[in-house]
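S.K.: I'll drop the sequence and a predicted model, then ask my questions.
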Amino acid sequence: MSDHPEIDSLEGILRKLPVEDQAEAFRILYGNVPAPIELTEAAASLAEQHDFDVAAYAFACAPEQRRAPRRVRVGAIQTRIIEPTDAPIEAQYLAIRDRVATIIEAAAAMGTNVLCTQEAWTMPFAFCTREKQPWVEFAEPVDGPTTRFLAELARRHNMVILSSILERDERHGDTLHNTTVVIGNRGNIIGSHRKNHIPRVGDFNESTYYMEGNTGHPVFATEFGKIGINICYGRHHPLNWLMFGLNGAEIVFNPSATVGALSEPLWPIEARCAAIANSYFSVAINRVGTEHFPNAFTSGDGRAAHHDFGHFYGSSYVAAPDGSRTPGLSRTRDGLIVSEIDLNQCRQVRDSWGFQMTQRLSEYGELLSRAAAPDFEPQIIADPGVDISSGRGSALPSAGRALHHVSPRALGSAPTQQITYVGDEEGSRKE
Ligand SMILES: NC(=O)NCCC(=O)O
């Protein structure tokens, strides 16, 4: 763990640049930065009274002659847990629920049409512990108490709410899933989607609790746009993002729970990259705070037993199909981010960049099917002078002290570059 106090945000650091440099720094890093929207009095007063941040932005979009704008406001909530993890489960649950309900009021006051929670928002992210009890007591069916609670708010505020919970499927042997419930703006359950990719990295020991989801890549056609949900670790899988795009998503939400030491450099890139590659909007949401668990745990990686995951760094943001993005919410504070977007931008960017027109799905589809088959042979064209018998399927030499020089000419594209691979007992490294 770092000895440094947690910084509030990367943007806070960038704002220390001389004013004349800031605009260029933001343009290069954030694209066509959306303009801030003024907060309503009600939202600002809730935020002040209950100590959370509200940030709101409007993405620019060109008017069209034959289509009316399709402006919607999307929102995301990031929170820390309220009660300690050894408090009674019901007390922990109700405290978080009250907090989120207050932030939902602020979202409503900002005219939010579609609102998404963070992953497993009703509970501490206890999957690091590998203990079943008491954490599985947070699980509930898709139509359970949390959905019923939010359905009332969704109806009252004419808002679609995406609620990420630990699901218990009572009809299928009480099994658990990591699920987002899609609650329509009339308080109806439109459907639900289960997390497709389950992490087995660091302290994210989620495979102890649930298997990979079985709901495919559904897109939910709501009154405020076509919505997909790529739950947390799925954001590392470009094909997962692609599938929601293929099914017609205009906005893909990424409810997450992730910590600084593991993923922070990846965070600003992945959801934004998906927005660019798939010409849709993406909304990345992460919890905040450090959650301490009563019993120390290890994850078989040589680290001493510890009681927490590390710091969940928040930094929730929205990205547009043209690659522009909002600043992130705080790394340390609860918050609500609201963005006004025009869904027409998806088609405008498709027309301009042509990524869908040029994507050559059949070419990729064919290789993907072959790669998934047990008898797959990778397409490798070997330099006849190179020994690929090490089984690594590349020009790397096998373990030992062998040196192999790849001439600049053989590399073809980098005439000034010479790469040397040095092999030893531990493998090879590039010098
Ligand atoms: N919740 C979850 O899937 N976290 C995995 C870690 C990461 O993807 O950054």
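M.R.: Now that the structure is in, tell me what you want to look at. From a predicted model like this one, the values you see are computed outputs, not experimental measurements.
S.K.: ok, which stretches of this protein are helices?
M.R.: Using DSSP state H, the helices of the chain run over residues 10-14, 19-30, 41-50, 89-109, 145-157, 238-246, 260-263, 267-278, 344-353, 361-372, 408-411.
S.K.: Right, and the ligand sits closest to which residue of the stretch 51-200 of the chain?
M.R.: For the stretch 51-200 of the chain, the residue closest to the ligand is residue 199, as judged by C-beta to the nearest ligand atom, at 3.9 Å. No exception for glycine: its C-beta is placed from N, CA and C like everyone else's.
S.K.: now that residue, nearest residue through space, not along the chain?
M.R.: Distance criterion C-beta to C-beta, 6 or more residues apart in numbering; nearest residue to residue 199, sequence neighbours excluded, is residue 233 at 4.2 Å.
S.K.: same deal with residue 47?
M.R.: Spatially, and ignoring its direct neighbours in sequence, residue 47 is nearest to residue 54 (4.6 Å; C-beta to C-beta, 6+ apart).
S.K.: before we move on, what about residue 52?
M.R.: Closest residue to residue 52 apart from its sequence neighbours, by C-beta to C-beta, 6+ apart: residue 334 at 4.0 Å.
S.K.: cool, and residue 317?
M.R.: Ranked by C-beta to C-beta, 6+ apart and with sequence neighbours excluded, the top spatial neighbour of residue 317 is residue 328, at 4.5 Å.
S.K.: likewise residue 81?
M.R.: Taking C-beta to C-beta, 6+ apart as the measure, residue 81 lies nearest to residue 124, with 4.9 Å between them; neighbours along the chain are not counted.
S.K.: can you tell me which residues contact that neighbour?
M.R.: Counting by C-beta atoms under 8 Å, 6 or more residues apart in numbering, residue 124 touches 81, 85, 92, 135, 291, 293.
S.K.: which residues does the residue nearest to residue 47 bridge with?
M.R.: residue 336 (DSSP bridges).
S.K.: if we can go back for a sec, neighbour count for the contacts of residue 124 - can I get that in a markdown table?
M.R.: Listed next are those as a markdown table, based on neighbours: other C-beta atoms under 10 Å:
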| residue | neighbour count |
| --- | --- |
| 81 | 23 |
| 85 | 20 |
| 92 | 22 |
| 135 | 21 |
| 291 | 22 |
| 293 | 20 |
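S.K.: burial measure for residue 15, as a count.
M.R.: A total of 13 residues lie near residue 15 under the criterion other C-beta atoms under 10 Å.
S.K.: mind checking pLDDT for the residue nearest to it when sequence neighbours are not counted?
M.R.: Of all residues not flanking residue 15 in the chain, residue 22 sits nearest, at 6.5 Å (C-beta to C-beta, 6+ apart). Per-residue pLDDT puts residue 22 at 94.
S.K.: residues in contact with the residue nearest to residue 199?
M.R.: For residue 233, the contacting residues are 195, 197, 198, 199, 201, 204, 206, taking C-beta under 8 Å, 6+ apart as the criterion.
S.K.: now residue 305
M.R.: By C-beta under 8 Å, 6+ apart, residue 305 lies in contact with 296, 297, 298.
S.K.: Among those residues, which one is most surrounded by other residues?
M.R.: When neighbours are counted as other C-beta under 10 Å, the busiest of those turns out to be residue 297, with 17 neighbours.
S.K.: Specify the beta-bridge partners of that one.
M.R.: Counting by DSSP bridges, residue 297 is bridged to residue 306.
S.K.: What pLDDT does the model give residue 5?
M.R.: For residue 5, the predicted pLDDT is 83.
S.K.: burial measure for it, as a count.
M.R.: By the criterion of other C-beta under 10 Å, residue 5 has 7 neighbours.
S.K.: ok, it to residue 197 distance?
M.R.: Relative to residue 197, residue 5 is positioned 33 Å away (C-beta to C-beta, to the nearest Å).
S.K.: Which residues of the chain lie near the ligand?
M.R.: Residues of the chain found near the ligand (C-beta under 6 Å from any ligand atom) are 119, 199, 204, 232, 233, 236, 256, 257, 258, 262, 263.
S.K.: Drop anything exposed from these.
M.R.: The neighbour-count criterion (16 or more other C-beta atoms under 10 Å) marks 119, 199, 204, 232, 233, 256, 257, 258, 262, 263 among the residues of the chain next to the ligand as buried.
S.K.: residues contacting the closest residue to the fourth one other than its chain neighbours?
M.R.: Excluding its sequence neighbours, the residue lying closest to residue 232 (C-beta to C-beta, 6+ apart) is residue 256, at 4.1 Å. Contact analysis of residue 256 by C-beta under 8 Å, 6+ apart lists 118, 119, 231, 232, 235, 284, 285, 286, 287.
S.K.: Can you get me a residue count around the nearest residue to the third one once chain neighbours are set aside?
M.R.: Nearest residue to residue 231 in three dimensions, chain neighbours excluded: residue 195, at 3.9 Å (C-beta to C-beta, 6+ apart). Summarising burial for residue 195: neighbours were counted as other C-beta under 10 Å, giving 28.
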